[in-house]
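In: what would the 3D arrangement of this be:
(one chain, ligands or ions: 1)
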Amino acid sequence: MSPAPKVNIIIYTLYHHIYTLALSVQEGLKEAGVDAKILQVPETLSDEILTKMHAPAKPDVEIATLDDLVEADGLIFGFGTRFGTMPAQFKAFLDSTGGLWAGGKLAGKFGGLFFSTASQHGGQETTGKCLLLRFLFPLSYLLIPFGMPFLFFPALTTVTYLAHHGIIYVPLGFANPHLFDNSEVVGGSAYGCGTVANGDGSRQVSDKEKEIAVTQGKNFGNVIKTYVAGKDSSA
Ligand SMILES: Cc1cc2nc3c(=O)[nH]c(=O)nc-3n(C[C@H](O)[C@H](O)[C@H](O)COP(=O)(O)O)c2cc1C
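Out: Purely as a prediction, here's the structure:
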């Protein structure tokens, strides 16, 4: 019997919202019968800055290496938004993949994304809108602690990385009914599950957001299983 397909969930998390979501994504992948591991990219901020940002200790998961990208059948990336795009820590990790790109090492793998943002502002998934707002209100980020609605999904700026590597992006779609729920704040979108952390990080991942994350893991796992089974039968 072939070994179970392998998915690596690679995250950057500062205040653990993304780690919490990653655990639910992992749960869904395991339900689908897929071997799923959580890894984190290296931190690039100094301890001094992290202390000033009141960052707790990192979750107890291994640091991701380039081998962790190559060995997996599927890759799911999770991170909080930074000024409407991915954090520099994650970009630094991806920017170290030039050699893999040149060798086509990640081409044909499947990729998924999930996110965390400070607050809710539906329909702001595109970078274009984000850049326009930042152009109009250059100091708008400073208003986050005072509750200014501010939600920019970095999905579309991340998809370019997947496209350049030839990684097949698997969106979540509206696969979980909670994505239609307007009765309370529910993070996530067609691009991937998500949470809304508040500007000060005080809001925790809700049960509905966790359920959406499990759905994403399960659906992604089923895609990978179908693909790996097809590859094995045609080998
Ligand atoms: C430097 C910086 C920039 C941020 N930019 C944004 C932003 O553009 N939009 C937004 O909604 N949240 C923004 N946030 C809030 C983070 O996305 C939020 O802290 C993160 O999603 C929490 O996830 P974590 O607990 O896994 O670190 C920013 C936070 C920091 C520290």
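In: from here on, just use CA atoms for contacts and neighbour counts.
Out: OK.
In: mind listing what L100 touches?
Out: Remark: with contacts taken as CA atoms under 8 Å, 6 or more residues apart in numbering, L100 is in contact with L106.
In: by contact count, what packs against the longest helix seen in the chain?
Out: Ranked by residue count under DSSP state H, the longest helix found in the chain is helix 207-234. In terms of contacts (3 or more CA pairs under 8 Å, 6 or more residues apart in numbering; DSSP states H and E), helix 207-234 is packed against helix 17-31, strand 194-196.
In: let me know the next secondary structure element after the lowest-mean-pLDDT helix or strand in the chain.
Out: Within the chain, no helix or strand scores below helix 127-136, which has a mean of 38 by mean pLDDT, DSSP states H and E. Per DSSP states H and E, helix 127-136 leads on to helix 155-165 as the next helix or strand towards the C-terminus.
In: still on that earlier bit, hmm, the longest helix of the chain in reach of the ligand?
Out: No: if you take CA under 6 Å from any ligand atom as the test, helix 207-234 misses the ligand, and the best it gets is 13.6 Å.
In: buried set for that helix?
Out: Neighbour counts using 16 or more other CA atoms under 10 Å place 208-222, 224-225, 228 of helix 207-234 among the buried residues.
In: so which of the helices and strands packed on helix 207-234 gets nearest the ligand?
Out: Shortest distance between the ligand and the helices and strands packed on helix 207-234, using CA to the nearest ligand atom, is found for helix 17-31: 3.7 Å.
In: below-threshold pLDDT in the protein: ranges please.
Out: 1, 121-154, 235 (pLDDT under 70).
In: could you list the residues of it in contact with the ligand?
Out: Proximity of the chain to the ligand (CA under 6 Å from any ligand atom) is limited to residues 13-18, 80-84, 116-119, 150-152, 197, 199, 201.
In: thanks a lot, see you next time.
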